[in-house]
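S.K.: need coordinates for the below:
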Amino acid sequence: MLRKQQAILSWFLILILVLTLNLSYSRPAQAVVSKQLETPEQILYQSRHTLRDNTGSSWQVVLFKRVKSGELREINLRLVGFPGEVEFAHVQPLKIQDADNILEADDVFSEKSPAPNVGQYDIKPILSQLSTHHLIELRLPLEKERTVKVPPAVIIEWQSI
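M.R.: Numbers count the residues shown, from 1 in each chain. Modelled structure (predicted):
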């Protein structure tokens, strides 16, 4: 009788352990990738991620890819920081540290930005050059430079849309 109770108790503990592990497992946050028909000939693809900079502040990082009549028109990277906390130094390029290389993306909002905390950069010429094997670092052109690390999975996603 005692052996039977011990066996039942053992199975019960194993069941609790398995359920606890399954319920406590959380999948990593997934990006929101969307496809929007802007006109009958024009499609806008977007990949959205929330990433943190070296100070711990959150950034919305949005890749826009616009295709018109089957032709790739633009690929821009928009960075949105918390209003009142950051201000982009427009006209300055976005610097991207990729291993030993530093790539630059031109400021799309050099003439007029929708808000001081928003920067947008043309990454069409350099997107295919970004490594998918290690983190890259975005050096944000702010009064006090901040950096945002972008994981390889995000780069793979950007290159695939």
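S.K.: please, which helix or strand holds the residue nearest in space to the middle of the chain?
M.R.: Per C-alpha atoms, centre = their mean, the C-alpha nearest to the average position across the chain is that of His49, at 3.6 Å. Assigned by DSSP states H and E, His49 belongs to strand 42-52.
S.K.: before we move on, the earlier item: for the residue nearest to the centre of the chain, give its distance to Ile96.
M.R.: 15 Å (C-beta to C-beta, to the nearest Å). C-betas here are computed from N, CA, C, even on glycine.
S.K.: coming back round to it: quick check, the residue nearest to the centre of the chain in contact with Ala153.
M.R.: No - applying C-beta atoms under 8 Å as the test, His49 and Ala153 come out as separate, 9.6 Å apart.
S.K.: quick one: residues contacting the residue nearest to the centre of the chain.
M.R.: Ala31, Gln60, Val61, Val62, Val154 (C-beta atoms under 8 Å, 6 or more residues apart in numbering).
S.K.: mind listing the strands for this structure?
M.R.: Secondary structure of the chain (DSSP state E): strands at 32-39, 42-52, 58-68, 71-80, 94-98, 101-107, 118-122, 136-140, 146-150.
S.K.: so which of these is the most packed in?
M.R.: Highest mean neighbour count among the strands of the chain (mean count of other C-beta atoms under 10 Å): strand 118-122, with a mean of 22.
S.K.: can you give the strand pairings for it, parallel or anti for each?
M.R.: Within its sheet, strand 118-122 is paired with strand 71-80 (antiparallel), strand 101-107 (antiparallel), according to DSSP bridges.
S.K.: would you convert those strands into TSV that also reports distance to Ile136?
M.R.: Shown next, in TSV, are the strands paired with strand 118-122 (distance: least, C-beta to C-beta, whole Å):
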stretch	distance to Ile136
strand 71-80	11
strand 101-107	9
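S.K.: reformat those as TSV; add mean pLDDT and distance to Val86.
M.R.: Output for the strands paired with strand 118-122, formatted as TSV (pLDDT from 0 to 100; distance: least, C-beta to C-beta, whole Å):
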stretch	mean pLDDT	distance to Val86
strand 71-80	97	9
strand 101-107	97	15
